[in-house]
Each structure stands twice: as C-alpha cells, then as structure tokens.
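K.L.:
pasting the sequence and the predicted model now:
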Amino acid sequence: MNQNLILIADDDSDVRDLLSVTLEAAGYRALGAKDGNTAARILTVAKPVGMITDVRMPAMNGMELCQLARSNPAIRDMAILMVSGNSHAYDVNAGLGAGADGYLPKPLSPRDLVAQMQTLISKRHLGG
C-alpha cells in the first residue's frame, strides 16, 4: 500500500479540492476521482492507504465502491471513510455495513476529517 496516499471519490470538484488541500496540509498525498468507476480504476493501480468516498456518485455509488474495495485482496485493508449529507442512523449503518470504517456527515470539519482518517489508518495498520 502507498503509505501516505489517500483517494478522494466525490462527484463535487469543490469538495475534492477542499479535501485534497486539507489532507495535503496534514502530510498526505491526495488523488481525486469524480465518480465511482474512476475511483475503482485508481484503487487497483495506486493502492492507497485510505479512501474517502461520498455515498452518492454517478456510475458507481460509495456503497458499491466500498464493497468492491473490501472484496479485492490487494486493497481490502485500506482505511475507508464515507462522507454524506445523509446522517440518519439507517444511512450510517448502511455505509458501515458496506465496508466503511467510519462515516462523517457533510458539511465536513477539516480537523475532524484528518483526525478520523489518521485514526482509521492507524487502526488498519496495527491490524485492529
């Protein structure tokens, strides 16, 4: 796995840019994908240590992307953080059930995003 690379899968370019700047300020490298299919192709080549994915995207949604990542032995151990404007218990449980390690509601707090991503990566790296 690429130890400081995080993939950001979100169809909103402003969100991708904001998350990229936030993660890069925290010492990560960020790659962006405008939809789930693009993200899936990047995942298999780049093998990032983590991924942040929106739930609703064209071509392949975040739930499907999580399931795809978890079924691939080369990338299934990466940290996955799902973000969405929907924060009802049902939506959170569906995201976690699809394979996400964490779930943050939009609008995102940059500090919370970095803290959550660092924690998830550490847990995955330590095998827990």
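P.N.:
Received it, and whenever you're ready, just let me know what you need.
K.L.:
so what's the residue nearest to the spatial centre of the chain up against?
P.N.:
Nearest to the centroid of the C-alpha atoms of the chain, with distances taken as C-alpha atoms, centre = their mean, sits residue 52, at 1.7 Å. Residue 52 makes contact with 6, 7, 8, 9, 10, 19, 80, 81, 82, 83, 113, 117, according to C-beta atoms under 8 Å, 6 or more residues apart in numbering. To be clear about C-beta, it is placed using only N, CA and C from the backbone, and glycine gets the same treatment.
K.L.:
report all helices and strands that the host helix or strand of the first one contacts.
P.N.:
Pointing back at residue 6 there. For residue 6, the element it lies in under DSSP states H and E is strand 2-9. Counting contacts by 3 or more C-beta pairs under 8 Å, 6 or more residues apart in numbering; DSSP states H and E, strand 2-9 packs against helix 13-25, strand 29-33, helix 36-46, strand 48-54.
K.L.:
of those, which stretch is the most buried?
P.N.:
Counting by mean count of other C-beta atoms under 10 Å, strand 48-54 has the highest mean neighbour count of those, with a mean of 26.
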